[in-house]
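Asker: Sequence first, predicted coordinates after that:
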Amino acid sequence: MLLVALIAFAAAIAGVWLGRAVLAPNPAADSELHALLHDQLNLDAAQLAKLEELEQVFAVRRKALELEMRADNAKLAAAIEAEHGYGPQVTAAIDQSHMAMGELQKETLEHIFAMRALLRPDQAARFDEAVVKALTADQK
């Protein structure tokens, strides 16, 4: 029974880790997009001002969702500690964690599309290439 509990615990932790790795934005990709926007696309003053506003709003929202995911991790840890297995509390905590991760992914994509809307067609083409590269980098 202890072995089953340990396997369930390891599976739960692996599932949360995998979910965060798959759904969370890649920091390197985020940095590449940021560098492209600020250093390589020759944005005009109006584009830069709008971009700065978008980035400030998104930074606040992303921080809130990251804090929510941390709280979800604490709830998952408490559920695992209470149940010592893959029970209803663990399942509920995992489901709650997935909701926050999914919301972060959706809002990240909304942010990417909002940034793209600021660009001229030539800039948007380069931006699109960078986004596709960022999303497929681990697959190559």
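Answerer: Sure, I can see it.
Asker: Can you give me the buried ones in the longest helix seen in the chain?
Answerer: What stands out as the longest helix in the chain, according to DSSP state H, is helix 45-83. By 16 or more other Cβ atoms under 10 Å, the buried positions in helix 45-83 come out as 47, 51, 54-55, 58, 62, 65, 68-69, 72, 75-76, 79-80, 83. (Each C-beta comes from the backbone N, C-alpha and C, glycine too.)
Asker: can you give me the mean pLDDT across it?
Answerer: Averaged across helix 45-83, pLDDT comes to 91.
Asker: what do you get for stretch 86-106?
Answerer: Per-residue pLDDT values across stretch 86-106 average out to 90.
Asker: How about that stretch, which residues are buried there?
Answerer: Neighbour-count burial for stretch 86-106 [16+ other Cβ under 10 Å]: Tyr86, Gln89, Val90, Ala93, Ile94, Gln96, Ser97, His98, Ala100, Met101, Glu103, Leu104.
Asker: Keep only those of the residues you listed that are in helices.
Answerer: Filtering these for helices - DSSP H - leaves Gln89, Val90, Ala93, Ile94, Gln96, Ser97, His98, Ala100, Met101, Glu103, Leu104.
Asker: So for the second one, what's the nearest residue that isn't a sequence neighbour?
Answerer: Closest residue to Val90 in three dimensions, ignoring its sequence neighbours and counting by Cβ to Cβ, 6 or more residues apart in numbering: Ala79, at 4.6 Å.
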